[in-house]
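Participant: Need a 3D model of the following:
(chains A and B, ligands or ions: 1)
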Amino acid sequence: MRQKDGGADPGRLSRRSFLCTTTVAAAAAAAAGWRAETADAAAPDPLIGATGPRGLVDTNVWLGQWPGRRLPLEETPALVARLRRQGVRQAWAGSFDGLWHKDLGAVNARLAAECRRQGRGLLTPFGTINPADPAWEEDLRRCAEEHQMPGIRLHPNYHGYQLDDPALARLLDRAGQRGLIVQLVAAMEDERTQHPRMRVPQVDVAPLAALLASRPELRLVLLNWGRGANSVQPPRLAEAGQICFDIATLEGVGGVASLLRQVSAGRVVFGSCAPLFYLESALLKLQESPLTEAQLAAVRADNALRLRRRVS
Amino acid sequence: MKIWDAHCHLSGVPGQTPAERMAQLLSFADRLGIERLCVCMGMRWSYDPTPADMRQQNDEVLAALQHWPHRALGYVYLTPNHVAASLAELDRCVRDGPMVGVKLWVARRAHAPELDPIVERATELQAPILQHTYLKATGNLPGESTPMDLAELARRHPAATFIGAHAGGDFELGLRALRACENVSVDLCGTDPAAGMTEMAVRELGAHRVLYGSDAGGRSFASQLGKVLGADIPAAAKKLILGENLRRLLRPILQRKKSL
Ligand SMILES: [Zn+2]
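Facilitator: Next up, the predicted model:
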C-alpha cells in the first residue's frame, strides 16, 4: 500500500522530487516572467539550465506563415529570440511554404536566405523536396550545393505520394549519396482539427522499414509521428536502419521515458514543431520523464549533433 | 504557485489498481510541480455506459481518492442515457461522497433535454459540470457534443457552472461558440499544443474563464502545461489559469463539504 503524499509539504517529499518541483516552479515562474519574485534573477532560466553545456538542438522548427492562423512567433527574429532564451543553440528549420507552394526552388532559396539573415547562427535550413515534382533533382542539387544545407524535409501527405512510390526510393538514394539527412514529416495538424477543406491525412509509414533496411547509409529523422492513429512502430523501424524519432507530438504521461524503453537513447532527438506548437511543451516533456544524465544529453543535443557531424 | 490540473483520467497509465495508477500519475505530476489532479472515469471506458458500468467506473475513482485525498479530486461520471441511475449516482458520489464535480462524456449530446435534471441536481449540490466538447473535421460520434451544443445547454441553465472540455477541440470555433456564455469556463487539454490557443482563450473569454488541464494519462502533463507557460499572456493570467480559477469554481462545494 502506498503512503498518502501531501504534495504541498516538502518535508514529506523525497529530496529528488522536491528539487524537481522547485525547479519546475521556478521554470514556470521564469516563463511567466515573474522569476524575480521567486528566484534569483541572476540565476539561469531553469529550462536553460536543464539543457547542458551544449544547449539544445531543436530538429523540428519552421519558418514562414502557417495558412490556418497567425502564430505568436511567426516572425523569425521573435522565434530565434525565444529559442535562444530557452537554451536552443541550433534549430533545423523548414518552410511552411514547402507544404503548399509548387515553386520549391524559390521556397528553399528564401529559407536559406532567411536563416542567413535572421538566424543569428542558430537556424540551419532544411529544404523541401517533392519527389513527385518534375524538377526535384535540381531542387536537391541546389539544396546541397548552392545552399549548403545539411538535410532536406519531405511531406508525402501534402505532396500526394505514398512511401512505396519508386520516386521516393530514388530520392532517398540520391540524398544518401549526397550525405544529406532526410527528415520525413508524418503529420502537421491533428486530422480532427484541420480546416474542413484542407484535410491532409497522416503519412502511412508502413513501407519505411523496407526503405531503411535496403539503405544502411541513409540517416532519417521522423518528425511529428507520435499521434496514435498512424502505423509507426519505433522498435521495428529502429531495427531496420538509421532512424531517429523527434518528440513534438509524443503524448502520454512520461512519453519520452516510454519511447526510450522501446528504442535506445541514440534514436531520440529533441523537436518542438515551433512556432506551430508552443516550444515549452516539448521542453517540459524532458522534465516530465525521469531520464538519466546520459539519456538527457543524447536527446537534448548529442544525437542530432552526431547526425550532422557525419554529414560534414 | 499551486498548479491544479482540471482534467485527468485513470486510463493510459500503468497499474493494476486505481491507487497504483494514481501513484503513477502523481509521480509525473510531481516532476512538473502539479499539486492536485481532478480525475474522472474508470480504468476501462465505454461510450455509452450501462448504470452498472458507470457505478464501477465511479467506484474506481473513489478508490483512487481514498488513497490520495490530499492530491486528487473526483468528478462523478454520469450518462444522460440513464437519468434516474445518474441522479442516484450523483447523490452517492457527490452529496454523500467525496466527489466535487460531474463529468459528461459522449453518451448523448449536451443540448438534449435529458441533461436538464442532471444539471439541476448538480447545481443544487454546487458541483461544476465538465462536459466533453470536440468539434471534429473527421466527424463526431453520434452522442459527442459540439461546443455549440454546450452553449445551448448553458443558456438553459444560467445558474449552473460548466467547464467546456478541450475548449471545443477545434478551439478557434469552440472559443467563439462559448464566448457569450459567462457560466462556461474552458479547459485547455487534450489537443495539440497549438501556439496561440491560450492567448485566444484569454482574449475571447477572459483569463478568469480558462483552466489548465492535461487529459493525462492519454496526454502528457508537459505538452499541455506548455500551452500556459509558453503563452504570451500576463503572469497574473497564468496564475489564474494554472489553479486559481479552478479553486474558485470548486470553493463553494469544497467549503460545504468541509462544513458537513
Ligand atoms: Zn478527458
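
Participant: Surely A:D97 and A:R110 touch.
Facilitator: Yes. With contact defined as C-beta atoms under 8 Å, A:D97 reaches A:R110; the gap is 7.3 Å. C-beta: built from backbone N, CA, C; applies to glycine.

Participant: In the chain, which residue is most central in space?
Facilitator: In the absence of a named chain, this looks at chain A. A:G271 (2.3 Å; C-alpha atoms, centre = their mean).

Participant: my question was about chain B
Facilitator: Geometric centre of chain B, nearest residue: B:L130, 4.0 Å, by C-alpha atoms, centre = their mean.

Participant: Identify the bridge partners of that one.
Facilitator: B:L130 has these beta-bridge partners by DSSP bridges: B:K103, B:I163.

Participant: more crowded one of A:D97 and A:R110?
Facilitator: Ranked by neighbour count (other C-beta atoms under 10 Å in any protein chain shown), A:D97 and A:R110 place A:D97 first, with 20 against 16.

Participant: show me what contacts the more buried one?
Facilitator: A:64-65, A:107, A:110-111, A:128 (C-beta atoms under 8 Å, 6 or more residues apart in numbering or on different chains).

Participant: buried subset of the residues you listed?
Facilitator: Buried by 16 or more other C-beta atoms under 10 Å in any protein chain shown: A:64, A:107, A:110-111, A:128, out of the contacts of A:D97.

Participant: got any ranges where the chain has weak pLDDT?
Facilitator: Reading this off chain A. Applying pLDDT under 70 to chain A flags residues A:1-54, A:228-230, A:310-312.

Participant: that's the wrong chain, I wanted chain B
Facilitator: In the predicted model, chain B carries pLDDT under 70 at residues B:260.

Participant: Now for residue 65: which residues touch it?
Facilitator: All of this is about chain A. Applying C-beta under 8 Å, 6+ apart, the residues near A:Q65 are A:71, A:74, A:96-97.

Participant: could you do chain B instead?
Facilitator: Listed by C-beta under 8 Å, 6+ apart, the contact partners of B:L65 are B:39, B:72-74, B:98-99.

Participant: now swap in B:G243 and tell me
Facilitator: Taking C-beta under 8 Å, 6+ apart, we find B:G243 in contact with B:1-4, B:35, B:212.

Participant: what about the longest helix along chain B, distance to the chain center?
Facilitator: Identified as the longest helix of chain B according to DSSP state H is helix B:51-67. Helix B:51-67 has its C-alpha centroid displaced from the chain centroid by 16 Å (C-alpha atoms, centre = their mean, to the nearest Å).

Participant: try stretch B:171-187
Facilitator: Relative to its chain's centre, stretch B:171-187 lies at 14 Å (C-alpha atoms, centre = their mean).

Participant: Also stretch B:74-93?
Facilitator: 15 Å.

Participant: quick one: buried residues of it?
Facilitator: For stretch B:74-93, burial by neighbour count (16+ other C-beta under 10 Å) applies to B:74-83, B:85-87, B:89-90, B:92-93.

Participant: Straight-line length of that stretch, end to end?
Facilitator: 9 Å (C-alpha to C-alpha, to the nearest Å).

Participant: now stretch A:148-156
Facilitator: Counting by C-alpha to C-alpha, you get 23 Å between the two ends of stretch A:148-156.

Participant: so how far is it off the chain centroid?
Facilitator: For stretch A:148-156, the distance to the chain centre is 13 Å (C-alpha atoms, centre = their mean).

Participant: now for the contacts of A:D97, which pair is the farthest apart?
Facilitator: For the contacts of A:D97, the farthest-apart pair by C-beta to C-beta is A:Q65 and A:T128; their separation is 14.8 Å.

Participant: What backbone torsions are found at the nearest residue to B:L254 once chain neighbours are set aside?
Facilitator: Nearest residue to B:L254, sequence neighbours excluded (C-beta to C-beta, 6 or more residues apart in numbering or on different chains): B:V100, at 6.5 Å. Backbone dihedrals for B:V100, given as degrees, to the nearest 10, come out at phi -120, psi 0.

Participant: quick one: contacts for B:V100?
Facilitator: B:V100 makes contact with B:38, B:73-75, B:94, B:127-128, B:250, B:253-254, B:257 under the criterion C-beta under 8 Å, 6+ apart.

Participant: mind redoing it with 10 Å?
Facilitator: Applying C-beta atoms under 10 Å, 6 or more residues apart in numbering or on different chains to B:V100 gives the contacts B:38, B:65, B:73-76, B:93-94, B:125-128, B:249-250, B:252-254, B:256-257.

Participant: same question, B:Q66
Facilitator: Listed by C-beta under 10 Å, 6+ apart, the contact set of B:Q66 reads A:4, B:18-19, B:22, B:72, B:74, B:98.

Participant: and it, how far is that from B:A19?
Facilitator: Relative to B:A19, B:Q66 is positioned 8 Å away (C-beta to C-beta, to the nearest Å).

Participant: Quick check: neighbours shared by those two?
Facilitator: Contacts common to B:Q66 and B:A19, judged by C-beta under 10 Å, 6+ apart, are B:A72.

Participant: State the number of residues packed around the closest residue to chain B within the stretch 101-250 of chain A.
Facilitator: Going by C-beta to the nearest C-beta, chain B is nearest to A:R192 of the stretch 101-250 of chain A, at 4.3 Å. A:R192: 19 surrounding residues under other C-beta under 10 Å.

Participant: again, but for A:M198
Facilitator: There are 13 residues near A:M198, going by other C-beta under 10 Å.

Participant: hang on, it in a helix?
Facilitator: No. A:M198 is assigned coil when assessed by DSSP: H, G, I helix; E, B strand; the rest coil, not a helix.

Participant: Assess the claim that it and A:W66 are in contact.
Facilitator: No. Contact criterion C-beta atoms under 10 Å: A:M198 and A:W66 do not qualify, at 11.4 Å.

Participant: give the contact list for residue 166.
Facilitator: Went with chain A since none was named. A:P166 sits next to A:P131 when contact means C-beta under 10 Å, 6+ apart.

Participant: oops, chain B please
Facilitator: With C-beta under 10 Å, 6+ apart, B:H166 has these contacts: A:193, B:7, B:132-135, B:147, B:174, B:186-191, B:213, B:215.

Participant: of these, buried ones?
Facilitator: Burial by neighbour count, judged by 16+ other C-beta under 10 Å, picks out A:193, B:7, B:132-135, B:147, B:174, B:186-191, B:213, B:215 from the contacts of B:H166.

Participant: Done for today, thanks.
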